[in-house]
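Student: Below are the sequence and a predicted model; questions follow.
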Amino acid sequence: MARYTGPKTKIARKFGEAIFGDDKAFEKRNYPPGQHGNNRRRGKKSEYAIQLMEKQKAKYTYGILERQFRNMFKKATAAPGITGEVLLQLCESRLDNVVFRLGLSPSRSGARQLVSHRHILVNGELVNVPSYQLKAGDVVAVREKSKSLEVIDSSLSNSSQVYEWITWNSEKKEGTYFAIPARIQIPEKINEQFIVELYSK
């Protein structure tokens with residue numbers, strides 16, 4: 001499946017924040033990419049441009065392609081609740097995102113690889129679909145044969161983030177996605193209202 005594999009710092013600089021996590025290159029040059037960088041005088045962005053940029057930021061952050069993202073928006077529109085909030089909750093409920101949140105990988109792209117390479121179990125069953133939607137109460141675990149993987153151990157030892165909607169058992173190397181996070185609990189700096197306005201046109 002097509003995925004963005006180009007330079008991540010360039011994308012992060014475009015949005016003005018390190019959306020892919022810690023990035024030393026971004027810290028050095030946290031101004032827009034391009035020949036003139038910080039010196040270019042930029043005109044005021046149109047409403048459409050702001051909305052589009054917010055959608056692109058969400059897509060790059062969670063590693064979701066356009067058709068998939070649009071389908072998620074349709075699902076969010078049909079669900080009860082605030083559409084923008086439900087959209088972000090659907091993004092957070094993806095298996096690859098929860099694997100990333102549990103600290104099993106330092107990035108969402110790495111978490112996607114762990115899932116697709118068959119290292120992850122959901123409720124004891126092998127799942128290799130990164131976009132698999134988890135429900136509250138689902139248990140995500142590292143497959144027995146994969147528990148000694150150096151990449152997982154290294155990521156766990158460097159992970160210090162704690163999320164209120166996920167619990168982690170380091171001995172069993174499994175976590176429970178026990179609740180769908182409220183918008184206030186989701187740390188991503190995304191203005192979901194702009195995305196709703198864009199798709200509603």
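Tutor: Arrived safely, thanks for sending. Residues are numbered from 1 along each chain as shown.
Student: Residue 84 should be in a strand, yeah?
Tutor: No. Applying DSSP: H, G, I helix; E, B strand; the rest coil, one finds residue 84 to be helix, outside a strand.
Student: roughly how far apart are the closest residue to it other than its chain neighbours and residue 48?
Tutor: Spatially, and ignoring its direct neighbours in sequence, residue 84 is nearest to residue 192 (3.1 Å; CB to CB, 6 or more residues apart in numbering). (C-beta placed from N, C-alpha, C; glycine too.) Distance, residue 192 to residue 48, using CB to CB, to the nearest Å: 17 Å.
Student: more neighbours, these two?
Tutor: Of the pair residue 192 and residue 48, residue 192 is the one with more neighbours under other CB atoms under 10 Å, namely 23 against 12.
Student: And the residue nearest the centre of the chain, what's its pLDDT?
Tutor: For the chain, residue 62 is the residue whose C-alpha lies nearest the centre (CA atoms, centre = their mean; 3.0 Å). With respect to pLDDT, residue 62 scores 94.
Student: so how far is residue 147 from it?
Tutor: 27 Å.
Student: per-domain residue ranges of the protein.
Tutor: What automatic domain parsing lists as the domains of the chain is 8-90+188-199, 94-179.
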